[in-house]
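Undergrad: A predicted structure for the sequence below; I have some questions about it.
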Amino acid sequence: MMAIVRAAARPAACVLLFGLVSAAPAPAPTAFRGGTVAMNRVVVEQIQPQAEKLLVGLAKDGRAYRIDGVPVFNGSDKFLPGKIAIGLVDFIADMPDDDPRLPGYLADFRTIAKLTVDDANDSWGIFYYLTAIDRLRARGLLDRAFDRLTLAKLKVRLDWRTFVDTQTYDLIDHPNNYYCVAFAIARLRTQLGWEPREGSDRLYTAMVKHYREYSGNYGFADETDGEGRFDRYSVLLAGEIAQRFLQTGETPPAEVLGWLRRSADVMLQRVNLSGHGFEYGRSLGPYGETSIVEVLTAAAATGILTPAERDLAYAYASSAAQHYVAFWTDPRTGSVNLWDDGRRTDAYRGKFRILGENLSLAHQFVYTNDWWNRLGYRDKAPTPRFDTLAAALPKRTVTWFAKGRYDRALVTWRFGTRVVSLPIINGGESQHDHNPYFPIPFSPGMLEGVADGSVPLLTPRITLGDGATLMPLAYARNVRVQTRGRHTIVTYEQDELDRMGGKGPKADPRLRVSVRYDVSPGVIRRSDTYTPRAPIDVRGVTMAFGTFSTLPSNGPTAFRFEEGAVRSFATQGFDRCTAAEAGGDADYHRPIGAMRTKVACAMNARRIAAPFTLGWEIRYR
């Protein structure tokens, strides 16, 4: 496998935060500002060579290959064969026929395909593999890239029917965003001549039915069957669906373009030159950044952005590519770092997926860069008018996800270069009690959730006399958003609280709550008024706060910070709060690094017979 080895020898050109920490206090993330270098240069000169070096290691060591001490073939990454295939084809597909390296690359691909053909390769892995095969087909290279037995095995195994019930067209043990994966697989199989179009048409119908049933006219995908999990993927999915049509040579239907326009509006509110991505929900880190890139690239490719929006989108994509190289890639290991030095991701993206994460992230930059090149931006510097164009974006938007028995919405503010959002959703089964899904404010680098974290960040956790633990999550009704001068008032009610301890939400009617947010430049306030349906014993209430800011002073229920974006944190209704270094507490690790300070607040036991109020105020620079 010397072709890859030879080719790789070429030179390569706050406020507050919820959850991060290393054994010793770590500095806050270094300020970054990109948008100065053409995306194509970053991808071709830095991102692709970084991925290529990892493939060199794979070609050299085979199944013994390790990255940063982690065995790549550990049996836990069910997408890996497909990601390896697309990683290799990202180099092969654009090589001229007379490139002297091409025969060696194809020989390497043929060997690795045979090596991994019997490995587990599910859903996303199938899609990536079929994308690689289709690109080789388009170049007339299939016979040189595969032996006949390997390709015959792949034709059987790379099938959407492995995770879709062919009688009902229901997904088998997958969240609903996997309809798009199955749909993409079916379209690619049709394009390869492996099956008729009927399967992809039926999958598209099932996907559209789910959109309509659980989001109505709002055009965002609920990952659950109506529980209200509207997160990064709910916004990203329209971009992926549109891209699957484009990938297979068709214009997306008008309905998909309508969804995409709404998703683009959400993502445009988040563009910046600091490398910040989508801010709440699970599986973020660099995927929070590439989700914005993918949606806005699809919107640009389908012609639904204005020229100014297109320039903003390209500048963001260029900045995200630079940030991936400057921040997410560890020069010591040559790998993306989602797991170490105070960083934390969810169990789904554990370090056992280290090679696959590198290859899928690199591919997301490669394929979106290809689109920007086609759109006339090849080697073009991002607009120098980014700040002016961004200043013209709405200062506040309200995005409705669903209305009905419960309301699901996202309020987003742009305060200068800072983005603050308030998602009012339900994490549903497996995520309802994780703080990235709490109805609390998020702001990249300032207010963030902890992947798979259950600490009660900015949300009271109430323990009743019988031991039941309740939180004001999941059941928001009557969401209202009002403007009063520079203040935005967001209110909603919950007639029942969410009882903790189960996989999914469980409504408990013994307490109800009215929640009020007051958001203005530099200040965020929350006030909860709880009303018992009957007198009730409360053992206690706890709440937590984490921040990159340091050197807290004062107390016992209010703190000022001398360093960092958060200037102060004050509470209402709690008996005491204590501040401490976050230190090595993994509950305060975030994808971007370790938190500096944690605050724990508590209310003492008492019998409650009348309404009581709990609240807090954050002031930030």
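TA: Right, received. Where do you want to start? Residues are numbered from 1 along each chain as shown.

Undergrad: so where's the stretch 1-150 of the chain shaky on pLDDT?
TA: Along the stretch 1-150 of the chain, the model assigns pLDDT under 70 to residues 1-30.

Undergrad: meant to ask about the chain, not that
TA: Within the chain, the stretches with pLDDT under 70 are 1-30.

Undergrad: Show me which strand runs longest in it.
TA: Using DSSP state E, we find that the single longest strand of the chain is strand 536-547.

Undergrad: other SSEs contacting it?
TA: Counting by 3 or more CB pairs under 8 Å, 6 or more residues apart in numbering; DSSP states H and E, the packing neighbours recorded for strand 536-547 are strand 461-464, strand 566-572, strand 597-603, strand 606-608, strand 612-620. Where C-beta positions appear, they are placed from N, C-alpha and C, glycine not excepted.

Undergrad: Can I get these in a markdown table including mean neighbour count and distance to residue 248?
TA: Listed next are those as a markdown table, based on neighbours: other CB atoms under 10 Å; distance: least, CB to CB, whole Å:
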| stretch | mean neighbour count | distance to residue 248 |
| --- | --- | --- |
| strand 461-464 | 21 | 48 |
| strand 566-572 | 20 | 48 |
| strand 597-603 | 22 | 49 |
| strand 606-608 | 14 | 60 |
| strand 612-620 | 20 | 46 |
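
Undergrad: Which of those strands sits closest to residue 171?
TA: strand 461-464 (33.2 Å; CB to CB).

Undergrad: Show me the helices in the stretch 151-300 of the chain, by range?
TA: 178-191, 198-215, 232-247, 254-268, 286-301 (DSSP state H, counting those that start in this stretch).

Undergrad: Next, the angle from the shortest one to helix 198-215.
TA: Angle of helix 178-191 versus helix 198-215, following axes from the mean of the first three to the mean of the last three CA atoms, to 10 degrees, is 160 degrees.

Undergrad: so is residue 414 in a helix, a strand, or just coil?
TA: When classified by DSSP: H, G, I helix; E, B strand; the rest coil, residue 414 comes out as strand.

Undergrad: ok, back up a step: please dump the helices of the stretch 151-300 of the chain into JSON lines; it should also carry distance to residue 118 and mean neighbour count for every row.
TA: Output for the helices of the stretch 151-300 of the chain, formatted as JSON lines (distance: least, CB to CB, whole Å; neighbours: other CB atoms under 10 Å):
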{"stretch": "helix 178-191", "distance to residue 118": "19", "mean neighbour count": "24"}
{"stretch": "helix 198-215", "distance to residue 118": "25", "mean neighbour count": "18"}
{"stretch": "helix 232-247", "distance to residue 118": "27", "mean neighbour count": "24"}
{"stretch": "helix 254-268", "distance to residue 118": "36", "mean neighbour count": "20"}
{"stretch": "helix 286-301", "distance to residue 118": "29", "mean neighbour count": "26"}
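
Undergrad: Using JSON lines, lay out those together with distance to residue 321.
TA: Converted to JSON lines, the helices of the stretch 151-300 of the chain look like this (distance: least, CB to CB, whole Å):
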{"stretch": "helix 178-191", "distance to residue 321": "24"}
{"stretch": "helix 198-215", "distance to residue 321": "30"}
{"stretch": "helix 232-247", "distance to residue 321": "17"}
{"stretch": "helix 254-268", "distance to residue 321": "16"}
{"stretch": "helix 286-301", "distance to residue 321": "8"}
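
Undergrad: follow-up on the earlier one: tell me the first helix or strand C-terminal of the longest strand of the chain.
TA: Helices and strands here follow DSSP states H and E; after strand 536-547, the next one along the chain is strand 550-553.

Undergrad: quick one: buried residues of that following strand?
TA: 550, 552 (16 or more other CB atoms under 10 Å).

Undergrad: Could you do stretch 478-495 as well?
TA: For stretch 478-495, the neighbour count (16+ other CB under 10 Å) marks 479, 481, 488, 490, 492-494 as buried.

Undergrad: how about that stretch as CSV, C-alpha atoms only?
TA: Taking C-alpha atoms only, stretch 478-495 is exported to CSV below (Å, rounded to 0.1, in the frame of the first residue of the first chain):
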residue,chain,number,x,y,z
ASN,A,478,-48.7,28.8,26.2
VAL,A,479,-45.3,30.1,25.1
ARG,A,480,-45.4,33.8,24.6
VAL,A,481,-42.7,36.2,23.4
GLN,A,482,-43.1,40.0,23.9
THR,A,483,-40.9,43.0,23.2
ARG,A,484,-40.7,45.9,25.7
GLY,A,485,-38.1,48.3,24.5
ARG,A,486,-34.7,46.5,24.6
HIS,A,487,-36.2,43.7,26.7
THR,A,488,-37.7,40.5,25.4
ILE,A,489,-40.1,38.8,27.8
VAL,A,490,-40.6,35.1,27.3
THR,A,491,-43.2,33.3,29.4
TYR,A,492,-44.7,29.8,29.5
GLU,A,493,-46.5,27.5,32.0
GLN,A,494,-46.1,23.9,32.9
ASP,A,495,-49.1,22.2,34.6
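
Undergrad: Which residues outside that stretch are in contact with it?
TA: Stretch 478-495 is contacted by residues 396, 398, 407, 409, 411, 413, 422, 424, 472, 474-477, 509, 512-521 when judged by CB atoms under 8 Å, 6 or more residues apart in numbering.

Undergrad: ditto for stretch 326-335
TA: The contact list for stretch 326-335 (CB under 8 Å, 6+ apart) reads 29-30, 32, 34, 50, 53-54, 67-68, 275, 285-286, 336-338, 340, 354, 358, 361, 592.

Undergrad: Please list the members of the residues you listed that lie in helices.
TA: Using DSSP state H, the subset of those located in helices is 50, 53-54, 286, 354, 358, 361.

Undergrad: Which pair in those has the greatest spatial separation?
TA: 53 and 286 (18.0 Å).

Undergrad: what bridges to the closest residue to residue 216 other than its chain neighbours?
TA: Among residues not flanking residue 216 along the chain, residue 402 sits closest, at 6.6 Å (CB to CB, 6 or more residues apart in numbering). Beta-bridge pairing of residue 402 under DSSP bridges involves residue 408.
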